[in-house]
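Chemist: Sequence isn't available, so here's the structure alone:
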């Protein structure tokens, strides 16, 4: 399924790819952008698997890339490619510093101060 990178709304059209200035009907994010392209990869050169593409500064903005192909995503992928990982990491960090209960952050601060002799 072809979905908006920002909100996850499905893009339904008879066309193979959206127009350059076409936007999502729900969140108004541009659809013909790097964030929706199947070749987009933050870790690749120019953040794209196609080696000779030009640098695009605004990955969420519309662009005129001829190599654009709308990425297929699964319905359960959610609004963003890394949102589930971010939420999991945030929860792990929260449990690392908070044991539970309302006084836990204060207790952790006291333990930290004791560690350094305050």
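Modeler: Thanks, I have it. Bear in mind that the values here come from a model prediction, so they are computed numbers and not experimental data.
Chemist: rest of the way, CA atoms for contacts and neighbours
Modeler: OK.
Chemist: domains of the protein?
Modeler: Annotated domains of the chain cover 1-79, 82-118 [automatic domain parsing].
Chemist: okay, now residue 45: neighbour count?
Modeler: Residue 45 sits with 13 neighbouring residues when counted by other CA atoms under 10 Å.
Chemist: now do residue 93
Modeler: The local packing of residue 93 (other CA under 10 Å) involves 11 other residues.
Chemist: what do you get for residue 87?
Modeler: 11.
Chemist: Next, it: secondary structure please.
Modeler: With DSSP: H, G, I helix; E, B strand; the rest coil as the basis, residue 87 sits in helix.
Chemist: now the domains of the chain in TSV, with mean pLDDT?
Modeler: Shown next, in TSV, are the domains of the chain (pLDDT from 0 to 100):
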stretch	mean pLDDT
domain 1-79	88
domain 82-118	70
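Chemist: Mean neighbour count, those: which tops it?
Modeler: Among the domains of the chain, ranked by average contacts under mean count of other CA atoms under 10 Å, first place goes to domain 1-79 (a mean of 16).
Chemist: Give me the distance from it to the chain's centre.
Modeler: Centre-to-centre, domain 1-79 and its host chain are 12 Å apart (CA atoms, centre = their mean, to the nearest Å).
Chemist: just checking, residue 54 touches residue 47?
Modeler: No - Residue 54 is not in contact with residue 47 according to CA atoms under 8 Å; the separation is 10.0 Å.
Chemist: No more questions from me, cheers.
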